[in-house]
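Visitor: got a predicted structure here, sequence first:
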Amino acid sequence: MNSVRFVASEFVKVRGTRRLAAANMCKELKTKMLRLLPPTCNGPTMNEENRTENSDEILRCTVKALQDGHVVALPTDTIYGLACLAQNSEAVRKIYAVKGRNGQKPLAICVPEIQDIYKYCKVEVKKELLDDLLPGPVTLVFKRSEALNPALNPFTSLVGVRIPNHAFMRRLCQMCEEPLALTSANVSARTSTVEVHEFQELWPHVAVVVDGGPIGDQSRFGSTVVDLSVVNKYRIIRPGCALSSTLDVLERKYGLSEDLGEE
């Protein structure tokens with residue numbers, strides 16, 4: 001009889017916990033599906049306050065998950081991504097495992113502001129060039145600095161850095177106060193995703209899924225990746241979705257020439 005009472009008591013506790021899920025969601029370890037309310041098209045409305053609270057609540061929960069060493073899935077300005085704290089070596093190992101990614105393929109880092117790039121990268125171009133390309137759908141590759149976690153991409157002296165043109169992502173990085181390691185939210189070698197249901201098989205392996213709705217023009221090309229680690233040169237690693245505008249900045253405005261690998 002005592003065992004029956006115990007089971008009944010535990011069942012009531014579980015039901016009560018579910019009712020309080022919204023208030024205590026950051027304390028749970030199960031995958032949390034968090035829906036960002038869409039931005040308004042015509043400026044502030046009567047729901048603007050609720051929209052802000054929704055975003056702030058999701059930010060707090062996502063930051064907590066990251067600081068606890070978990071992997072999260074979230075929208076960027078190009079495709080959906082998986083993220084973890086770049087300075088947390090165990091979290092970096094987790095993100096490779098979740099994605100099934102080859103350990104010799106690098107992860108990019110994401111920072112909120114251009115000045116943050118100088119802490120983790122050795123920049124050989126003018127700041128004005130960074131201002132022209134970021135924030136935006138471009139990943140810039142530089143030589144890494146000693147401040148970056150040596151367990152992140154230990155097989156290369158380079159690192160790609162992003163500042164997505166996405167308010168949630170930038171605020172998330174600001175609140176974490178350190179770079180995020182970032183990769184696309186899909187099983188390795190499969191198509192990039194622009195809606196959360198497209199990577200549903202990964203949901204059980206991440207702490208938080210932030211649903212920001214369909215992304216952009218759904219091109220699935222991801223960011224344009226350009227190596228700027230050689231002085232006065234550039235090398236396109238991935239054409240991505242912003243190749244033409246990026247080349248226009250690099251060549252026409254700043255006079256960089258393509259690195260054809262002659263040296």
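Guide: The structure has been received and is ready for your questions. Numbering: from 1, shown residues only.

Visitor: show the contacting residues for residue 79.
Guide: 184, 185, 192, 193, 194, 215, 220, 222 (C-beta atoms under 8 Å, 6 or more residues apart in numbering). The C-beta positions use only the backbone N, C-alpha and C, and glycine is treated the same way.

Visitor: per-residue pLDDT, it?
Guide: Looking at residue 79, its pLDDT reads 96.

Visitor: then residue 183?
Guide: pLDDT for residue 183: 97.

Visitor: quick check, it in a strand?
Guide: Yes: membership of residue 183 in a strand is supported by DSSP: H, G, I helix; E, B strand; the rest coil.

Visitor: poorly predicted segments of the stretch 151-263 of the chain, please.
Guide: When residues are selected by pLDDT under 70, those of the stretch 151-263 of the chain lie in 217-218, 262-263.

Visitor: so who does residue 223 touch?
Guide: Taking C-beta under 8 Å, 6+ apart as the test, what residue 223 contacts is 78, 137, 138, 139, 162, 238, 240, 241, 242.

Visitor: among those residues, which one sits closest to residue 72?
Guide: Using C-beta to C-beta, residue 162 comes nearest to residue 72 of the contacts of residue 223, at 15.7 Å.

Visitor: out of the contacts of residue 223, which end up buried?
Guide: Buried subset of the contacts of residue 223 (neighbour count, 16 or more other C-beta atoms under 10 Å): 78, 137, 138, 139, 162, 240, 241, 242.

Visitor: from those residues, which two are the most distant?
Guide: Using C-beta to C-beta, these span at most 12.9 Å, a distance reached by 162 and 241.

Visitor: for residue 199, grab phi and psi.
Guide: Backbone torsions of residue 199, given as degrees, to the nearest 10, read phi -120, psi 40.

Visitor: any chance you could map the helices in the stretch 1-150 of the chain?
Guide: Taking DSSP state H, counting those that start in this stretch, the helices of the stretch 1-150 of the chain run over residues 2-19, 21-24, 48-67, 89-99, 114-120, 127-133.

Visitor: was I right about residue 140 contacting residue 133?
Guide: Yes: here residue 140 lies in contact with residue 133, judged by C-beta atoms under 8 Å, at a distance of 6.8 Å.

Visitor: which SS class is the closest residue to residue 261 other than its chain neighbours?
Guide: Here the nearest residue to residue 261 in space, its sequence neighbours aside, is residue 235; by C-beta to C-beta, 6 or more residues apart in numbering that works out to 7.8 Å. Following three-state DSSP, the label given to residue 235 is strand.

Visitor: so how far is residue 156 from residue 235?
Guide: Look at residue 235 and residue 156: by C-beta to C-beta, to the nearest Å, they are 14 Å apart.

Visitor: and those two? which has more neighbours close in?
Guide: Taking neighbours as other C-beta atoms under 10 Å, residue 235 and residue 156 compare with residue 235 leading, 15 against 12.

Visitor: isn't that one up against residue 226?
Guide: Yes: contact criterion C-beta under 8 Å: residue 235 and residue 226 qualify, at 6.9 Å.

Visitor: contact partners for residue 83?
Guide: Contacts of residue 83 by C-beta under 8 Å, 6+ apart are 66, 71, 72, 73, 74, 95, 110, 180, 181, 182.

Visitor: residue 260: which of these is nearest?
Guide: residue 182 (28.8 Å).

Visitor: which one's more surrounded, residue 140 and residue 133?
Guide: Neighbour tally, residue 140 and residue 133, criterion other C-beta under 10 Å: the higher count belongs to residue 140, 27 against 23.
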